[in-house]
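K.L.:
sequence and predicted model, in that order:
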Amino acid sequence: MAFGISKKELKEWKTAVSRGEIAYLTHYWYDSRFPEYKTVTKVGCSDLVRLRQWCMDHDLDPIYIHNRMPYPHFDLIGPKQAEILRKASLDSHVRRFNL
């Protein structure tokens, strides 16, 4: 379940993903499998070739892509999440969610 984002932010992410862009959406989140993490960044792109390449470019295994059309995405959590957000110049996500 997602917390801490607006409907506008979600709509903008969905629109960018649908256009085949690499889009980032960070929000508060809880999953009992990962109780130590409080946030997730969904990196989405409807162009699966592009999303797979993005994963490989960041040393992530594309097998973990959630192939859920129309919004396929890769979930980033933990230290890799903050690292990749910084590389993508998304310091606002890092600050907003205290990563």
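P.N.:
That came through fine. Residues are numbered from 1 along each chain as shown.

K.L.:
make it CA atoms for all contacts and neighbour counts henceforth
P.N.:
OK.

K.L.:
tell me the secondary structure of the most centrally placed residue in the chain, please.
P.N.:
What sits nearest the mean C-alpha location of the chain, by C-alpha atoms, centre = their mean, is Lys42, with 1.9 Å. In three-state terms, and counting by DSSP: H, G, I helix; E, B strand; the rest coil, Lys42 is strand.

K.L.:
pretty sure it is touching Tyr71, no?
P.N.:
No: with contacts counted by C-alpha atoms under 8 Å, Lys42 stays clear of Tyr71, the gap being 9.9 Å.

K.L.:
convert stretch 73-92 to CSV, retaining C-alpha atoms only.
P.N.:
This file holds the C-alpha atoms of stretch 73-92, laid out as CSV (Å, rounded to 0.1, in the frame of the first residue of the first chain):
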residue,chain,number,x,y,z
HIS,A,73,8.1,-1.3,-13.0
PHE,A,74,11.1,-2.2,-10.9
ASP,A,75,10.9,-1.7,-7.1
LEU,A,76,13.9,-0.1,-5.5
ILE,A,77,14.4,-0.4,-1.8
GLY,A,78,17.2,0.0,0.7
PRO,A,79,20.7,1.5,0.0
LYS,A,80,20.4,1.0,-3.8
GLN,A,81,17.2,3.2,-3.8
ALA,A,82,19.0,6.2,-2.4
GLU,A,83,22.1,5.6,-4.6
ILE,A,84,20.1,5.5,-7.8
LEU,A,85,17.9,8.4,-6.9
ARG,A,86,21.0,10.5,-6.4
LYS,A,87,22.5,9.3,-9.7
ALA,A,88,19.2,10.4,-11.4
SER,A,89,19.5,13.8,-9.7
LEU,A,90,16.3,13.2,-7.7
ASP,A,91,17.7,14.6,-4.5
SER,A,92,14.2,15.9,-3.8
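
K.L.:
for that stretch, which positions count as buried?
P.N.:
The neighbour-count criterion (16 or more other C-alpha atoms under 10 Å) identifies His73, Phe74, Asp75, Leu76, Ile77, Gln81, Ala82, Leu85, Asp91 as the buried residues of stretch 73-92.
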